[in-house]
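Enquirer: Everything below, folded, please.
(2 chains)
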Amino acid sequence: MDGLESANAAARIAGPSGDFSRIPYHLYTDQSVFDLEQERIFRGPTWNYLGFETEVGEPGDYITGYVGTTPYVLTRDKDGALHAFVNRCAHRGVAVVRELRGNARNFTCIYHQWCYALNGDLIGVPMMKGMRGVGGYPEDFQVADHGLTRLRLATFSGIVFGTFSDETPPLEDYLGPAICARLKTVCGRPIKVTGYHRHTMRANWKLFVENTRDMYHAPMLHPFVSVFEIADAAMQATMEMSHRGGLNSILSGYKPTDADGGRPPPRQGKRIPLEEPDVAIGVPEFPDGLAISIISIFPSCLFTLPGNTFSVRQIRPKGVDEVETLYTWYAFEDDDDEMAERRRMQNNMFGPAGYVAMEDAEAMELIQQRISDAALEGRSLLEFGGRGTEDRIDHMLSEGALRAFWKGYCDIMGIEPGPAGAA
Amino acid sequence: MTDMATLEAELRISRLNLDYARCIDEDRLESWVDFFDGEEARYLIHPRENADAGLEGYWMYCRNKPMMRDRILALRKANIYNIHYDRHIVGGSQVVGVEDGVYDVRTSYCVIQTDVEGRSEVFSAGEYRDKVVLNGGGAKFREKIVVPDTFNIERPLAVPL
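Expert: Predicted structure coming up:
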């Protein structure tokens, strides 16, 4: 799509209400919206999470993933430099790298054995000059013209981001000072990856994004918290949506400390007790009693750090009605055995079998099933905690982080919001 | 050639896995823990991607029987998940080693889920890596590690595999 076509496509999309309290269903179901998102968001001026530096720690190490629907390979070359390129052969479009991750000297496409270096440059084409004077490529064919499409990279606190656009601002400006400070806290020491979870949901990727910013649903959809009385009523919560027009956000929970600066003793629900309540009881390990962080970095990832179990999730839209999430679980290199076991225990809370997470997939799929047949006229209602957007909210009883997301989304997509408060 | 004693053990352990699977499929989950031997028995779901890579990344980590009982209690009292039937198809159990009377056993499984409108799909295919003890007439799991080949899961994983 050229610029004008793209602008026209955006203009044809009816937007949310001007106060972002009404979100039309077609934004979750329309293929043309999905296609425009790939262009304007994922291949547009955004920094996308690609992985941790430690996942490609040695020369020749590589991992694969997706920016939107575009497959990429992240590599470390023999000089230690990081590279990322689109995993699609310049010749016929074959996936050059077929493994999820590994170590390689170079990458050879299976189809006609075009060979690429670790930085994505084309370095070998069989029978380039033909054989016995016949065939081969034209005289003006240049190997240097046919490398794999590269992403521009930047790293912060051991986290690698990539972008397809030359217009994307410097990474630290993109993340904003609040997120930079938080990432330095939660990835502030050498980390190690402890495992991956892959969970595919039959729902639009934005339903997932909304869910991760929606604190209203947590005590309702996830009864584990109330049934076993593990919620800490004294927890202080904030939502910060001040950067990137609301697209990036941080949700934080702080545990009060007792007079000695230590943590209050773990509570155990009285109504129905768990035999092993340690699955749900975290020990604050960051300053200021910071006990929960959910750091959303638009458009492709969120860091979720409740208690002592840490993950980053890569958001991989697969189609208008399907999203895959890749959890990368991490811990600190210098964890002792006690902390390692604590993280292992609390891991039961999250992931596809998570005590306070499994319901999310069910809720999102139930939405997608129902809105696809009402896409033209229906809309979502986001009035909890008011209308419009705010930069900061100091409680959890609000859908403000969702409204802020939609404001930023409309900006980057070039979608014009409608009148405020439309019914 | 496998000796008769091993074949007999395999038959008894195959029966253990069939009974285990039927217990889940018939939603008698309160009895699920009874297939395990002692309070220190372990139940883990370890997706193959992580198992092969030497990473932890468990989907479920029950380090003892109390945690198994908690899992079922949560499922009954708290968790909300897709309405479905589970149907286990369990292969024969093969003993791959014995140490101090504890059998190391491999068994293939497949769980087909059927949704509320009657559509069936493969939910999880993989292997049970069990440590089993035989006491008199009974067989029980000292440890059960479920290793799903299906490491990219669809829908919630609420019920043990």
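
Enquirer: wait, residue A:75 sits on residue A:57?
Expert: No. Counting by C-beta atoms under 8 Å, residue A:75 stays clear of residue A:57, with 11.8 Å between them. Bear in mind the C-beta positions are built from the backbone N, C-alpha and C, glycine included.

Enquirer: Show me the shaky parts of the chain.
Expert: Using chain A here. Low-confidence segments of chain A (pLDDT under 70): A:1, A:231-234, A:256-271, A:374-376, A:421-423.

Enquirer: oops, I was thinking of chain B
Expert: Residues of chain B that meet the criterion pLDDT under 70 lie in B:1.

Enquirer: On the C-terminal side of the biggest strand by length in it, identify the next helix or strand.
Expert: If you go by DSSP state E, chain B has its longest strand at strand B:120-135. Sequence order places strand B:138-148 as the next helix or strand after strand B:120-135, per DSSP states H and E.

Enquirer: burial of residue B:118, as a residue count?
Expert: The number of residues packed near residue B:118 is 7, by other C-beta atoms under 10 Å in any protein chain shown.

Enquirer: Residue A:61 now?
Expert: Residue A:61: 19 neighbours (other C-beta under 10 Å).

Enquirer: Contact partners for it?
Expert: Contacts for residue A:61 (C-beta atoms under 8 Å, 6 or more residues apart in numbering or on different chains) come out as A:55, A:75, A:76, A:101, A:102, A:103.

Enquirer: so which residue of chain B comes closest to chain A?
Expert: residue B:57 (1.6 Å; C-beta to the nearest C-beta).

Enquirer: Pretty sure that residue sits against residue A:198.
Expert: No. Residue B:57 is beyond contact range of residue A:198, at 10.2 Å (criterion: C-beta under 8 Å).

Enquirer: the more surrounded of these two?
Expert: Neighbour count, other C-beta under 10 Å: between residue B:57 and residue A:198, residue B:57 has more, with 24 against 20.

Enquirer: one step back: secondary structure class of the residue of chain B closest to chain A, three-state.
Expert: Of the three states, residue B:57 takes coil under DSSP: H, G, I helix; E, B strand; the rest coil.

Enquirer: Without its sequence neighbours, what residue ends up closest to residue A:344?
Expert: Using C-beta to C-beta, 6 or more residues apart in numbering or on different chains and skipping the chain neighbours, the partner closest in space to residue A:344 is residue B:61 (5.5 Å).

Enquirer: can you tell me how far the one you found sits from residue B:91?
Expert: Residue B:61 is 25 Å from residue B:91, where distance means C-beta to C-beta, to the nearest Å.

Enquirer: now swap in residue B:7 and tell me
Expert: Distance of residue B:7 to residue B:91, given as C-beta to C-beta: 16 Å.

Enquirer: before we move on, what about residue A:180?
Expert: From residue A:180 to residue B:91 the distance is 52 Å (C-beta to C-beta).

Enquirer: again, but for residue A:368
Expert: According to C-beta to C-beta, residue A:368 and residue B:91 sit 35 Å apart.

Enquirer: List the buried residues in the helix or strand harbouring residue B:95.
Expert: Using DSSP H and E, residue B:95 sits within strand B:94-99. Across strand B:94-99, burial judged by 16 or more other C-beta atoms under 10 Å in any protein chain shown covers residue B:95.

Enquirer: Can I get it in PDB? Just the C-alpha atoms.
Expert: C-alpha atoms of strand B:94-99 as PDB (Å, rounded to 0.1, in the frame of the first residue of the first chain):
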ATOM      1  CA  GLN B  94       7.000 -49.700  28.800                       C
ATOM      2  CA  VAL B  95       9.400 -50.200  31.600                       C
ATOM      3  CA  VAL B  96      12.700 -48.600  30.600                       C
ATOM      4  CA  GLY B  97      14.600 -49.100  33.900                       C
ATOM      5  CA  VAL B  98      14.200 -50.300  37.500                       C
ATOM      6  CA  GLU B  99      16.100 -48.900  40.500                       C
END
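
Enquirer: So what touches that strand?
Expert: By C-beta under 8 Å, 6+ apart, the residues outside strand B:94-99 that reach it are B:6, B:9, B:10, B:13, B:103, B:104, B:105, B:106, B:107.

Enquirer: Pull up the pairing partners for it, direction included.
Expert: In the sheet, strand B:94-99 lines up against strand B:102-115 (antiparallel) (DSSP bridges).

Enquirer: And the partner strand, how far out from the chain middle?
Expert: Relative to its parent chain, strand B:102-115 has a centroid offset of 6 Å by C-alpha atoms, centre = their mean, to the nearest Å.

Enquirer: That one relative to strand B:138-148, how many degrees between them?
Expert: 60 degrees (axes from the mean of the first three to the mean of the last three C-alpha atoms, to 10 degrees).

Enquirer: could you list every residue that touches the nearest residue to residue A:395 once chain neighbours are set aside?
Expert: Of all residues not flanking residue A:395 in the chain, residue A:237 sits nearest, at 6.0 Å (C-beta to C-beta, 6+ apart). Contacts for residue A:237 (C-beta under 8 Å, 6+ apart) come out as A:215, A:251, A:252, A:253, A:254, A:292, A:394, A:395, A:396.

Enquirer: Save the contacts of strand B:94-99 as CSV, and put in neighbour count too.
Expert: As requested, the contacts of strand B:94-99 are exported to CSV (neighbours: other C-beta atoms under 10 Å in any protein chain shown):
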residue, neighbour count
B:6, 14
B:9, 20
B:10, 18
B:13, 23
B:103, 22
B:104, 15
B:105, 25
B:106, 16
B:107, 24
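
Enquirer: I figured residue B:89 hits residue B:107, correct?
Expert: No. The criterion here is C-beta under 8 Å, and residue B:89 misses it with residue B:107 at 11.0 Å.

Enquirer: Count the residues that sit near the spatially closest residue to residue A:242 that is not a sequence neighbour.
Expert: Using C-beta to C-beta, 6+ apart and skipping residues adjacent in sequence, the residue nearest residue A:242 is residue A:391, 4.0 Å away. The number of residues packed near residue A:391 is 12, by other C-beta under 10 Å.
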